[in-house]
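Novice: starting from these lines, generate the structure:
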Amino acid sequence: MSTAVILIAVIVFAVIYLLASQSKNKLANRQARKTPKEILPEIQQRLQSGEDKIKLIKYARVETGLGLKDAKDLVEGNFEWNPSTSNEELLQNVQEMLQSGIGEVKATKYVREQTGLGLKEAKDYVDNAKKDGSM
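Specialist: Next up, the predicted model:
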């Protein structure tokens, strides 16, 4: 084998390894989300100190997993977050919905209604619930 082929193979494996490790980090970050109620005081304090709203909206999305509209409403003070179920209850309800054959789409919609999460985040939640429930 030539040196160029070996070098290309090493580079390809390095890129694949880096991409895989980044996706694991993203999954771990998604599972450690805060509720809007937890970060609201910090957002209000940062707003009063003159921080840019756009940066705060991005921060709110990353920390809570909210969609763009909900994160914007949170920063502007118009967000109402009233989860009707706890995290354990939500997970149990989603797993029951999946086991009963209701479907992932309706389960995702349910998660969005209960938590205020964005579509992607709610779908990820349902996918993780499906994996955890070994369905």
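Novice: look up how far Asp73 lies from Gly116.
Specialist: Separation of Gly116 from Asp73 (Cβ to Cβ, to the nearest Å): 9 Å. All C-beta spots, glycine's among them, are computed from the backbone N, C-alpha and C.
Novice: looking at the two, which is more packed in?
Specialist: Gly116 (25 against 19; other Cβ atoms under 10 Å).
Novice: how about the helices in this protein?
Specialist: 3-31, 36-48, 53-64, 68-76, 87-99, 104-115, 119-132 (DSSP state H).
Novice: any chance of these in TSV, with mean pLDDT too?
Specialist: Output for these, formatted as TSV (pLDDT from 0 to 100):
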stretch	mean pLDDT
helix 3-31	76
helix 36-48	86
helix 53-64	90
helix 68-76	86
helix 87-99	85
helix 104-115	86
helix 119-132	82
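Novice: and Glu51, its phi and psi?
Specialist: Main-chain torsions, Glu51, degrees, to the nearest 10: phi -70, psi 150.
Novice: what's around it, how many residues?
Specialist: When neighbours are counted by other Cβ under 10 Å, Glu51 registers 14.
Novice: and what of Tyr59?
Specialist: 17.
Novice: test my guess that it contacts Leu47.
Specialist: No - using Cβ atoms under 8 Å, Tyr59 is not in contact with Leu47; the gap is 11.0 Å.
Novice: identify the contacts common to these two.
Specialist: Shared contacts of Tyr59 and Leu47 (Cβ atoms under 8 Å, 6 or more residues apart in numbering): none.
Novice: any chance you could give me stretch 2-16 in CSV, C-alpha atoms only?
Specialist: Output in CSV follows, covering the C-alpha atoms of stretch 2-16 (Å, rounded to 0.1, in the frame of the first residue of the first chain):
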residue,chain,number,x,y,z
SER,A,2,1.2,3.4,-0.7
THR,A,3,1.6,6.1,2.0
ALA,A,4,-1.1,8.2,0.5
VAL,A,5,-3.7,5.5,0.9
ILE,A,6,-2.8,4.8,4.5
LEU,A,7,-2.9,8.5,5.3
ILE,A,8,-6.4,8.9,3.7
ALA,A,9,-7.6,5.8,5.7
VAL,A,10,-6.3,7.3,8.9
ILE,A,11,-7.9,10.7,8.2
VAL,A,12,-11.3,9.0,7.4
PHE,A,13,-11.2,7.0,10.6
ALA,A,14,-10.3,10.1,12.6
VAL,A,15,-13.2,12.0,11.1
ILE,A,16,-15.7,9.2,11.9
